[in-house]
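Colleague: The amino acid sequence is not available; the structure is as follows:
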């Protein structure tokens, strides 16, 4: 499954476009963020992506979890969002 | 529908307990947060809440949206999370 990595400097609208594109193509996408600023941008992107898929009759739901990511030899705990179409819609 | 307001100083584990309780009772809960710190705590709380409902055979999914909230006469844009059981599970 494709993973989109979001930072605190990511543009929510650009990430939203990528989310919508990958979900429509693959049926699912993982969005990964570490730190409050990145999590905030990821959440905004997911909200905006709903507006991109809605005209195609698809609403998006998100499953939120933790994920341990190794960065330069150090383990950090990030947030993993699995974004997919709302069940029963596709 | 019950709304839980989360701030940057909220304890994710406490909020998670409230989310699990309300979803099991009402089938749905709204979690509201304004600002990156609050959004981050809300997301952590939703992830932890999945661990609280999982032993009861219920996984949780979240629908993410924006919401305009008036605070002391000023309009601010917050994030609204609708948390509910994954369709097909209950």
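Modeller: Alright, I've got the coordinates. Computed from a predicted structure; not experimentally measured. Numbering: from 1, shown residues only, chains lettered A, B, ... in the order given.
Colleague: residue ranges for the strands of chain A, please.
Modeller: With DSSP state E as the criterion, chain A has strands at A:3-6, A:29-33, A:60-71, A:74-85.
Colleague: got TSV for the ones you listed, with mean pLDDT too?
Modeller: Converted to TSV, those look like this (pLDDT from 0 to 100):
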stretch	mean pLDDT
strand A:3-6	98
strand A:29-33	98
strand A:60-71	94
strand A:74-85	96
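Colleague: so of those, which one's packed in deepest?
Modeller: Neighbour counts averaged per stretch over the strands of chain A are highest for strand A:29-33, at a mean of 23; criterion: mean count of other C-beta atoms under 10 Å in any protein chain shown. Placement of C-beta: from N, CA and C, glycine included.
Colleague: Neighbouring strands of that strand in the sheet, and parallel or not?
Modeller: Strand A:29-33 has the following strand partners under DSSP bridges: strand A:3-6 (parallel), strand A:74-85 (antiparallel).
Colleague: Show me what the first one is in contact with.
Modeller: By that I understand strand A:3-6. The contact list for strand A:3-6 (C-beta atoms under 8 Å, 6 or more residues apart in numbering or on different chains) reads A:15, A:18-19, A:22, A:29-33, A:38, A:41-42, A:45.
Colleague: Quick check: residue A:42 touching residue A:81?
Modeller: Yes. Residue A:42 lies in contact with residue A:81 (C-beta atoms under 8 Å); the separation is 6.1 Å.
Colleague: anything in contact with each of the two?
Modeller: Common contacts of residue A:42 and residue A:81, defined by C-beta under 8 Å, 6+ apart, comprise A:31-33.
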